[in-house]
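Can you look at this prediction? I've put the sequence above it.
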Amino acid sequence: MAVIAGVGRALLVAGVCALLASIGVGSASADSASSGSDISVAQSLGDRELTIILRRVTSVPGPLRVDVVTHAGTAAGRLTLAATPTGVSTQSTRPAPGAPTTEAIVELGGTPGMYSATVRMDRAGPWELAVDDGTRVARIPFLVPAQVTSPPERLVYGGFLVAGVLLPVAVVLAIRARRSVWALVPAAGMVAGVAVSVTAALLSASLPLPPQPGGQLDPTFDNVTDPYAVNQPLISDFSRPPVLLTVAGGPVTAGQPGDLDLVLIDAATGAPVDDLVVHDSALVHLLLVGPTGRLSHLHPIRIGPGRYQVQLAAPEAGRYALSAELARRGGGVQMVRAANGFTVLSGAGGPESASAAVHLGGGDKSASTIVDGNQVTVRTTTPVAGVPTTITAEFGDVADLQPWLGMVGHLIMAGPLSSDSEIAAAVQNSPIWGHGHSMGVTSMQGMSDMSGTEMPGMDMTEPAASRGTMLMPPANGESAPDETVAAYGPDVPFTYTFPLAGRYRLWIQVERRYAVLTVPVVVDVAAGARP
């Protein structure tokens, strides 16, 4: 009887431990399709400015939905999508990568909005989506994650499996065996299995994640499907050298569409840079400033390793300033400039003057203008070097702005400028060339009181009812709202600290009714007090 009672107590303790582990301990997180989010990539494909959205893949084999967002002025037409696996594998028995495995057609209408198609994914790993308009092909690299079980999770599941198998064995032996002491053997194994599961679950949160394919490592089929493999390089510094940018291709003539080719080279090895990752919904943000101060914010298509191309319809001849913002895998965000910009040749068409810039500073803190039929008011706090300056653009009185490139607003700045006559040359040679963002404003009252400090991008001096809505960044695998959501603004605030005094050129960009509005601003920044 004593033995049976001991066995019963052991079984009771094991059951309690299993219950506590199942309700109080979460499993370790790992890369999986469910933890991914949608990928949004802006593409300047010919004369079309498109946003390609790759929706998350929940399982493989399975569908990948591709949504194409068009903007105002986009011509109707047909796009051919082709998905190609690119990851080299030493284990997969599927067909070798390099050839398209699935295709689909997207019919673009004349109305701006979203158009969709579906392609099939037959494996996890790195892929490339080719978007063909009949003349040009944009090649977008992306990653299909695998549902991976981490080593701690395997121990958790294995321990509970052992405990579940040994539990009925211990009960049967305790009831039917002539010597019930034998029931202690499976009972001890059951307790050990539960102990291993609980220990693994508790320690899993403190274990570091392996290097992430796509974010830190160049992805392959093997490291995507098993990122915990012991043959992964055990390194902690994933930084990569800077990028050198050169302009190639034939000359561009004013008034005539022409192709501008960009070549990206690794500064250390001279090899083509083919490890760019999507940053702010684009592989490359190309910023062009014309002779009269007109800004073009384009997104070149990837046509090959280290080579990007954009069709440019330059309205005016002369020198153009050129900068590209990009992010290398493991190398962080970089803003690189072409050494001398580039020159557009004179053509048959006459020069097209840029919109008049709003002038702030020197006592003027508010000014209004009209951009493509939209009333815009720009306000600023006193711009002083070394002191945070808040610049707010108000687009009407209705919250109907759409997120563009994942943000409510973009602020591009260059300065201090040495000349007001040759704007492009002054911008190209300016010491500061920045790109900031606004997530909009918030309608949540009392948020500033909760933390005691203001949050960046919020103007807490305005009444709560007029602040509109803030675009919250995605979390826990969720995806940010796409361009079909028109619910932000009308105020778009930016906070920036100008490090030097002088005259700056700024361009504020938002999206409204599927059209990108660009507001040119000139700000005179006063010198700050000397320490």
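Okay, I see it.

where are the low-confidence patches of the protein?
Where the chain drops to pLDDT under 70, the residues are 1-36, 88-98, 178, 180, 230-238, 348-355, 442-469, 472-478, 530-531.

hmm, try it at 50
1-5, 7-35, 443-466 (pLDDT under 50).

what's the single longest helix in it?
Scanning the chain for the helix with the most residues, using DSSP state H, yields helix 151-176.

what separates that helix from the chain centre, distance-wise?
44 Å (CA atoms, centre = their mean, to the nearest Å).

So which elements touch it?
Counting contacts by 3 or more CB pairs under 8 Å, 6 or more residues apart in numbering; DSSP states H and E, helix 151-176 is packed against helix 2-24, helix 184-204. No exception for glycine: its C-beta is placed from N, CA and C like everyone else's.

Contact partners for residue 342?
Residue 342 makes contact with 247, 252, 260, 319, 320, 322, according to CB atoms under 8 Å, 6 or more residues apart in numbering.

Mind listing what's buried along the host helix or strand of the first one?
The reference is to residue 247. Assigned by DSSP states H and E, residue 247 falls within strand 243-248. Buried positions in strand 243-248, judged by neighbour count with 16 or more other CB atoms under 10 Å: 243, 244, 245, 247.

Check which strands are paired with that strand and give the direction for each one.
Applying DSSP bridges, strand 243-248 is found paired with strand 258-266 (antiparallel).

Next, the angle strand 258-266 makes with whichever helix or strand comes after the partner strand.
Heading C-terminal from strand 258-266, the first helix or strand you meet, by DSSP H and E, is strand 284-289. Interaxial angle, strand 284-289 versus strand 258-266 (axes from the mean of the first three to the mean of the last three CA atoms, to 10 degrees): 120 degrees.

in terms of contact count, name the helices or strands touching strand 284-289.
Counting by 3+ CB pairs under 8 Å, 6+ apart, strand 284-289 packs on strand 295-298, strand 307-312, strand 318-328, helix 423-428, strand 432-438.

Now find how far off-centre the helix or strand following the shortest one is within its chain.
Next in sequence after strand 295-298, counting helices and strands by DSSP H and E, comes strand 301-304. Chain-centre distance of strand 301-304: 18 Å, with CA atoms, centre = their mean.

Given strand 301-304, what are its sheet partners and their directions?
Sheet pairing of strand 301-304 (DSSP bridges) gives strand 307-312 (antiparallel).

Might you report the residue contacts of residue 356?
369, 520.

A helix includes it, no?
No: counting by DSSP: H, G, I helix; E, B strand; the rest coil, residue 356 is not part of a helix but coil.

can you tell me how far it sits from residue 425?
20 Å (CB to CB, to the nearest Å).

And for residue 55?
From residue 55 to residue 425 the distance is 44 Å (CB to CB).

Of these two, which one has the most company?
The neighbour count for residue 55 versus residue 425, taken as other CB atoms under 10 Å, is higher for residue 425 (20 against 17).

ok, residue 103 - how many residues close by?
Residues near residue 103, counting by other CB under 10 Å: 14.

can you check residue 363 too?
Residues near residue 363, counting by other CB under 10 Å: 7.

what's the closest non-adjacent residue to residue 248?
In space, and not counting its chain neighbours, residue 248 is closest to residue 261: 4.2 Å by CB to CB, 6 or more residues apart in numbering.

For the one you found, give the beta-bridge partners.
Under the criterion used (DSSP bridges), residue 261 bridges to residue 248, residue 309.

wait, what's in contact with it?
247, 248, 249, 307, 308, 309.

Was I right to think residue 441 contacts residue 470?
Yes: between residue 441 and residue 470 there is a contact under CB atoms under 8 Å: 5.9 Å.

who's in contact with the nearest residue to residue 302 once chain neighbours are set aside?
Spatially, and ignoring its direct neighbours in sequence, residue 302 is nearest to residue 139 (4.9 Å; CB to CB, 6+ apart). By CB under 8 Å, 6+ apart, residue 139 lies in contact with 128, 129, 130, 131, 301, 302, 303, 304.

Show me which of the residues you listed are buried.
Buried among those (16+ other CB under 10 Å): 128, 129, 130, 131, 301, 302, 303.

Can you give me the separation between residue 179 and residue 185?
Residue 179 is 11 Å from residue 185, by CB to CB.

So for the two, which residue has more residues nearby?
The neighbour count for residue 179 versus residue 185, taken as other CB under 10 Å, is higher for residue 185 (13 against 8).

which residues touch the more buried one?
Contacts of residue 185 by CB under 8 Å, 6+ apart are residue 173.

For the residue lying closest to residue 196 once chain neighbours are set aside, give its distance to residue 184.
Using CB to CB, 6+ apart and skipping residues adjacent in sequence, the residue nearest residue 196 is residue 159, 4.0 Å away. For residue 159, the distance to residue 184 (CB to CB) stands at 19 Å.

Having no further points to raise, I will conclude here.
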